[in-house]
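1. structure of the sequence below:
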Amino acid sequence: MDPRNFGPPVKSGPVSCNNGDNEEPYPSLSDYHDYEPNLEFDDSELQQTPNSGSISADFIHIETNNSGGGTMSTSPVAEFIDENYEEELADARDETFDSMVFTTSSYPEVGVTTGPEQFTEISKYNIVDVKGDDAIGRKVIVLYASRLPPVNEIDHTLFLTYLKYTLESYVEQDYSLIYFHHGLTSKNKPSLRWLVQAYKAFDRNYKKNLKALYLIHPTGFLKIVSQIFRPLISAKFGKKLNYIYSLKELNDVVPIDKLDIPYEVIEHDKKLNGGVPISSETYQEQMIPTQQFGVTIQFIRDNYHVTIPPVVRQCIEYLEQPDALETEGIFRRSANATKVKALKELANQGQTVTFEDPHEAAVLLKKFLRELREPLLTYEIYDEIMQFQSWNKDEQLRNVSILMMEKLPEDNYKVLKYIIGFLSRVMERSDLNKMNAQNLAVVFGPNLVWSELVSMSLAAIGPINMFTQFLLQHHNEIFMI
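-> Here you go, the predicted model:
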């Protein structure tokens, strides 16, 4: 099979995918951005030895308009593909791509039965993390290429199992994946066959609720790899790919100060974008008296003269209608981003918001909690919440009750009681909406409490979710409803 049939010619600038069915190009948040940064790979591995038996020079072409209006084809192999990937791609010429992908593998089947204690050697690198929700309420999973250790220091099969284990709790709801590409080098990158195996390992359960895959600081090499994988990638999945060239663009998706971005990635972004450091604080809205998002509970009370923020009450009153309360997967699905943004603007103007479907109200409620200036459960009790799992079971109810009644500000306590009371009614219809205490805790935990000093992480999410689940299961005793 001629490798040239794997996909169309690759052009410089944002890559597109034509699947032969008039599919739209892969979306990009910066179609106007023609600059393509250089690879981070070592210079030595970009040299191609003549007559080495490697992939043919015409495997992939770049077409550039010349002064005469025609095209001039050159080979970017030496520029974009290092010797290891090149050899593996060359092997593909002598077998069908399907054969390489579906029958040839140097990795065993990947399962998800391994316990967390088996992942100590993997988790210490912090290659993958969970960072709360994005702008429209989807859980955010982050991968950092720069944190990958040298290939001889990591078991990639175990790493793949760890990825699946990490995602298990989130694949039943809409989620986004952010991949920071800078820092991938010849020393730490997995093989092409491992990438194929990884794609195979994540079945439909993992892919169907992945709503967006953001590739940050993509290089020409990354785009070429995505073209090579086109036979594996459905048109529907391909539309989820987004190339992002700056942290400023990324900040529109999720506040970058919540992502724990490695220093070297920040410095790389500054070099690519004029040396200006990017901070999400630059884009915070200026507060107005009617504002409800991005302020404190006390600010809303002082300006609206009510304890329960109007937007919270409007969301919950809508969601308590039987048709909404019984919606399967409520709080797990995302909503139209444009509509949610418009609803937020109305709420910030002090106007009543109206909804067209339950998911809009559910997303707006989560968004309100997530964007509070201080979390509803406050910074003060964060450390005690993190100790929840170490408490004796006989003491948990007493300790949690004391935290809620004595250490939460009165306004926060009343708002929390109102929301937890509503969520208890959601749980009562879990036979229809599939949202039990555990599922609701996964959704709401990171939106109720976070640290003032460190960004959300996998290590923190476990205790937070367990604490939230306990609140939901014992709400009658804790809040004396």
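
2. quote the end-to-end distance of stretch 133-151.
-> 31 Å (C-alpha to C-alpha, to the nearest Å).

3. same check on stretch 398-410?
-> End-to-end distance for stretch 398-410, by C-alpha to C-alpha: 19 Å.

4. neighbouring contacts of it?
-> 297-298, 377-378, 380-381, 384-385, 388, 391, 413, 416, 467, 470-471, 474, 477-479 (C-beta atoms under 8 Å, 6 or more residues apart in numbering). (Glycine included, C-beta is placed from N, CA and C.)

5. stretch 246-264 too?
-> With C-beta under 8 Å, 6+ apart, stretch 246-264 has contacts from 29-30, 129, 131-135, 140, 142, 144, 146-147, 176, 178, 180, 182-183, 212, 214, 216, 244, 266, 269, 272-273, 278-281, 283, 454-457.

6. derive a ChimeraX selection command for the buried subset of the contacts of stretch 398-410.
-> The buried subset of these, as determined by 16 or more other C-beta atoms under 10 Å, is captured in ChimeraX by this line:
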select :297,377,378,381,384,385,388,413,416,467,470,471,478,479
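
7. in helices, which of the contacts of stretch 398-410 appear?
-> Counted as lying in helices by DSSP state H, out of the contacts of stretch 398-410, are 297-298, 384-385, 413, 416, 467, 470-471, 477-479.

8. could I get these in TSV, plus columns for pLDDT and distance to Q438?
-> TSV is the format used below for these (pLDDT from 0 to 100; distance: C-beta to C-beta, whole Å):
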residue	pLDDT	distance to Q438
I297	96	27
Q298	94	32
E384	94	22
I385	94	17
Y413	96	24
L416	97	19
F467	96	12
F470	96	11
L471	96	12
E477	93	19
I478	93	17
F479	90	20
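
9. can you tell me the closest non-neighbouring residue to the residue nearest the centre of the chain?
-> Against the mean C-alpha coordinate of the chain, by C-alpha atoms, centre = their mean, the closest residue is V140 at 2.7 Å. Counting by C-beta to C-beta, 6 or more residues apart in numbering, V140 lies nearest to K131, which is 4.6 Å off, once chain neighbours are set aside.

10. same thing with I420?
-> I420's closest residue in space is H475 (C-beta to C-beta, 6+ apart), at 5.0 Å.

11. what about that neighbour, neighbour count?
-> By the other C-beta atoms under 10 Å criterion, the neighbourhood of H475 contains 19 residues.

12. cool, and the one 5 residues further on?
-> Neighbours of M480 under the rule other C-beta under 10 Å: 9.

13. how near is it to I420?
-> Distance, M480 to I420, by C-beta to C-beta, to the nearest Å: 12 Å.

14. show me what contacts V415?
-> Here V415 is in contact with 297, 307-309, 312, 376 (criterion: C-beta under 8 Å, 6+ apart).

15. what's the answer for Y413, then?
-> 404-405.

16. okay if I get the contacts of V415 as CSV plus distance to E172?
-> Shown next, in CSV, are those (distance: C-beta to C-beta, whole Å):
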residue, distance to E172
I297, 30
T307, 34
I308, 30
P309, 29
V312, 25
L376, 24
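
17. tell me which two of those sit farthest apart.
-> T307 and L376 (12.7 Å; C-beta to C-beta).

18. when the two are compared, which one has more neighbours?
-> Neighbour totals were compared for T307 and L376, and L376 leads with 21 against 16 (other C-beta under 10 Å).

19. if I read this right, the more buried one contacts Q298, doesn't it?
-> No: counting by C-beta atoms under 8 Å, L376 sits too far from Q298 to count as a contact (11.7 Å).

20. now the element after the helix or strand hosting T157, going C-ward?
-> Per DSSP states H and E, T157 falls inside helix 156-167. Counting by DSSP H and E, the element after helix 156-167 in chain order, helix or strand, is strand 175-180.

21. got the angle for the helix or strand following that next one vs helix 156-167?
-> On the C-terminal side of strand 175-180, the closest following helix or strand by DSSP H and E is helix 192-201. Orientation of helix 192-201 against helix 156-167 (axes from the mean of the first three to the mean of the last three C-alpha atoms, to 10 degrees) gives an angle of 30 degrees.

22. quick one: average confidence on helix 192-201?
-> The average pLDDT for helix 192-201 rounds to 80.

23. any low-confidence regions in the stretch 51-200 of the chain?
-> Along the stretch 51-200 of the chain, segments meeting pLDDT under 70 span 51-117.

24. mind running it again at 90?
-> 51-126, 128-141, 155-177, 184-186, 188-200 (pLDDT under 90).

25. secondary structure element holding Y243?
-> Under DSSP H and E, the secondary-structure element containing Y243 is strand 241-244.

26. continuing past that strand, what's the next helix or strand?
-> Following strand 241-244 in sequence, per DSSP H and E, is helix 247-250.

27. contacts only, for the residue nearest to V140.
-> 140-142, 178, 254, 258-260, 455-457.

28. and the gap between it and V415?
-> Counting by C-beta to C-beta, the gap from K131 to V415 is 24 Å.

29. so which residues of the chain form strands?
-> According to DSSP state E, the chain carries its strands in the segments 62-65, 71-74, 128-133, 139-144, 175-180, 210-216, 241-244.

30. for A335, give me the pLDDT.
-> Model confidence at A335 (pLDDT) stands at 89.

31. wait, it touches R138, no?
-> No: using C-beta under 8 Å, A335 makes no contact with R138, being 10.0 Å away.

32. of these two, which one has the most company?
-> The residue with more neighbours, out of A335 and R138, is R138; 26 against 23, by other C-beta under 10 Å.

33. how about the contacts made by that one?
-> R138 neighbours (C-beta under 8 Å, 6+ apart): 173-176, 211-212, 334.

34. what's the farthest-apart pair in those residues?
-> Using C-beta to C-beta, the two most remote members of the contacts of R138 are Q173 and A212, lying 13.6 Å apart.

35. about what we covered before: quick one: distance of the helix holding T157 to the chain centre.
-> 16 Å (C-alpha atoms, centre = their mean, to the nearest Å).

36. alpha carbons of that helix, as PDB, please.
-> The C-alpha coordinates for helix 156-167 follow below in PDB (Å, rounded to 0.1, in the frame of the first residue of the first chain):
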ATOM      1  CA  HIS A 156       4.400   2.800  28.700                       C
ATOM      2  CA  THR A 157       2.000  -0.100  29.000                       C
ATOM      3  CA  LEU A 158       1.400   0.700  32.600                       C
ATOM      4  CA  PHE A 159       1.200   4.400  31.700                       C
ATOM      5  CA  LEU A 160      -1.600   3.600  29.200                       C
ATOM      6  CA  THR A 161      -3.400   1.600  31.900                       C
ATOM      7  CA  TYR A 162      -3.000   4.500  34.300                       C
ATOM      8  CA  LEU A 163      -4.600   6.900  31.700                       C
ATOM      9  CA  LYS A 164      -7.600   4.600  31.400                       C
ATOM     10  CA  TYR A 165      -7.900   4.300  35.200                       C
ATOM     11  CA  THR A 166      -7.700   8.100  35.500                       C
ATOM     12  CA  LEU A 167     -10.400   8.700  32.900                       C
END
